[in-house]
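[1] coords below, sequence missing:
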């Protein structure tokens, strides 16, 4: 048992943190998310080429750095601290994760392109008529002339406007299939919109979209276990990002409370606020530890993996809400303005809480897994 | 970074499990199932602790030279987890986990040889004389006086919340030897034989409803109690330093496994209790939701403790973490005991005062409710103590806030 990061892992964290400190200050980020594009492709090129970061969780024989889920967590926590909008989650954690789990020729061909920063991926799994159940899909993939024909609608595709390729779930044959689809494919209509955290998302309509048969990930009709596994990887990555955001919110609150004076004394001298900050710290430290545990359990058998991921998401969502709301409260009126970065962390955490299963979803999944028949 | 035990650690875990299987016998189990506070009666407690001592496992934290088992932090964690998961009794901390450390660090060679072996083997039981009627969280305000008279100190005053004083052979006390000095520097650390004339015990039956002689806490009165100077630890006036040193051991529990054991108890209750509208409680959506919320909090404590044990092993542990564990651990002990009572519904009402009666061959009480309901409600009342003892949870939040507001807490 060992919770210490290796030398390489610490180096990864430091390299990314130092790049973000130089190139991702709050004002620059704010201007970028307000601009029409909503992101900075230059940052993506830097992450790929200058930092060689997009290969962090992939095997060395495919050009990766030989890491795994822990590396994803390190990256996501740092991205969370800087409120990075560029799509590491969609491209590397989910897209790359699905390719890595599917393996075969598709992975050999596409992972090097992910690592090089040549492609940007987005996961199109959700649909308007379901909440969080990734297995409930109405979109269909029909086999015709040696390829698939996609028909249906996808909703809330994070990073959709920036994606060169989409990973689309669809019903085919007996079950769920997963296809890699060109974002420019004929018959695909995209409607883009901003999200509350400064990001961008798309709703998609597929009308007779043709997808070559060799763009199928995993077995036809057998993609659900693959999708569920990578969804748990995404959950852990989002938890790590929220931990990064919580660290910043607590740190800014401590600084503010130490400097701001009322009734002739710093806010930090009032016991009622001290106790609130102690509780914020407690919520954060437990979230960080549970995220690490869930991350390290991603390779365990499915039920154990899912139990840990659901525990982490339920804990982190609750903690991030508490830390965010408390940080805003302790900042007083300043906490509710767009001027401070604080509120933007709070918004990001609120968005995280609504992705890949909210606390209610994960508490129910946790109950079902842990209260199964004795 | 990994969660796996090494082959040696796995072998150790198996050894602990095998030992528990034969040492934690039917009598001890039966007592424990009826325990209102996690302890057995004195005979059961001594029996359990002597079994641990015979195996060399009574004092996991002690250095080898005094009879400790020389475990790594991970081995200690495994041992605590396994004993808690099996529902074993807690080891009475006052001797082994408290005064012993002060004797080792500040006691004389004579004191070490006189006391430590008997503590290790539970040949002598100890109690703690810290709190007073006028000094709770503000311990340094304590007033019990010790006046030097030749080779003795003469003690007058009162101590309170003294756990199992009626079983104790010895007490370690904080006493005031100087009223001129500022509060902390007038305090001295003394060891007193409980048979010394002038010590009297007033039982304070707590809300869990103990029978006479089984009460957990007491008030002690000291009337011209003569304690030999040779029973003083270290120097006169440095008692506060020694007491602070001891505090770090008082807060060293692993809560995760104990909490998991309480969750298992709740699952057992829910599998047997009926739900409103028919069926079993375990299938009731409200129960399941509350269970999941509490269980996730337990997972979070457990994860943080695992990480903490790992950081102790690598020498990067943060001291303030012990305040965090005391806080969240005891809050969950209370929340789970409360949930267990609610899960029992109407079966929470019947009260059995002499809960050890059958095991000890006394007249059996009327038991109208099933076994899984035994002692659940008394334990809920008893656990109110957990947020009060060892530094109230409000004090722990003060300590944590001090850490958070320091530079160390602001690491982005």
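    Received the coordinates, thanks. Everything numeric here is computed off the predicted structure, so don't read it as measured data.
[2] okay, CA-based contacts and neighbour counts for the rest of this
    OK.
[3] for the chain, what spans make up the strands?
    Let's take chain A. Assigned by DSSP state E, chain A shows strands spanning A:121-124, A:140-144, A:147-158, A:165-172, A:175-182, A:188-194, A:200-212, A:216-217, A:261-262, A:265-266.
[4] Chain B was what I was after
    B:126-129, B:145-149, B:152-160, B:170-176, B:187-193, B:199-204, B:217-228.
[5] Any idea which of these gets closest to residue A:258?
    strand B:187-193 (34.8 Å; C-alpha to C-alpha).
[6] biggest helix in the chain by residues?
    Unless you meant another one, I'm taking chain A. Ranked by residue count, the top helix of chain A under DSSP state H comes out as helix A:224-259.
[7] Oops, wrong one, chain B.
    Under DSSP H, chain B gives helix B:285-313 as its longest helix.
[8] For that one, buried residues please.
    Residues of helix B:285-313 classed as buried: B:287-289, B:291-312 (neighbour count, 16 or more other C-alpha atoms under 10 Å in any protein chain shown).
[9] just to revisit the earlier point, now do the longest helix of chain A and strand A:175-182, the angle between them.
    70 degrees (axes from the mean of the first three to the mean of the last three C-alpha atoms, to 10 degrees).
[10] Do you know the pLDDT at residue B:61?
    pLDDT, residue B:61: 89.
[11] any idea how far the residue located most distally from the centre of chain A lies from residue A:335?
    Within chain A, the residue lying farthest from the chain centre (C-alpha atoms, centre = their mean) is residue A:264, at 43.4 Å. Per C-alpha to C-alpha, to the nearest Å, residue A:264 is found 21 Å from residue A:335.
[12] How much space separates the closest residue to residue B:9 other than its chain neighbours from residue A:279?
    Nearest non-adjacent residue to residue B:9, counting by C-alpha to C-alpha, 6 or more residues apart in numbering or on different chains: residue B:75, 6.8 Å away. According to C-alpha to C-alpha, residue B:75 and residue A:279 sit 30 Å apart.
[13] Who are the packing partners of the lowest-mean-pLDDT helix or strand in chain B?
    Lowest mean confidence among the helices and strands of chain B (mean pLDDT, DSSP states H and E): helix B:239-250, at a mean of 85. For helix B:239-250, the packing partners by 3 or more C-alpha pairs under 8 Å, 6 or more residues apart in numbering or on different chains; DSSP states H and E come out as helix B:100-106, strand B:170-176, strand B:187-193.
[14] Show residues contacting the second one.
    Read that as strand B:170-176. Contact with strand B:170-176 is made by B:99, B:124-130, B:142-146, B:155, B:165, B:186-194, B:239-240, B:243, as judged by C-alpha atoms under 8 Å, 6 or more residues apart in numbering or on different chains.
[15] again with the last one
    For strand B:187-193, the external contacting residues (C-alpha under 8 Å, 6+ apart) are B:169-178, B:227, B:231-240, B:242-243.
[16] mind checking the backbone torsions on the residue in the stretch 1-150 of chain B that chain A sits nearest to?
    Using C-alpha to the nearest C-alpha, the single residue of the stretch 1-150 of chain B nearest to chain A is residue B:3, 4.5 Å away. Dihedral pair for residue B:3: phi -100, psi 0, per degrees, to the nearest 10.
[17] Next, the buried residues of stretch B:137-154.
    By 16+ other C-alpha under 10 Å, the buried positions in stretch B:137-154 come out as B:139-147, B:152-154.
[18] wait, isn't residue A:356 in contact with residue A:233?
    No - contact criterion C-alpha atoms under 8 Å: residue A:356 and residue A:233 do not qualify, at 10.2 Å.
[19] Going by how many neighbours each has, rank these two and give me the top one.
    residue A:233 (28 against 20; other C-alpha atoms under 10 Å in any protein chain shown).
[20] What score does the more buried one have for pLDDT?
    The score at residue A:233 is 98. That number is its pLDDT.
[21] swap in residue B:313?
    pLDDT for residue B:313: 78.
[22] Next: residue B:73.
    pLDDT at residue B:73 comes out at 85.
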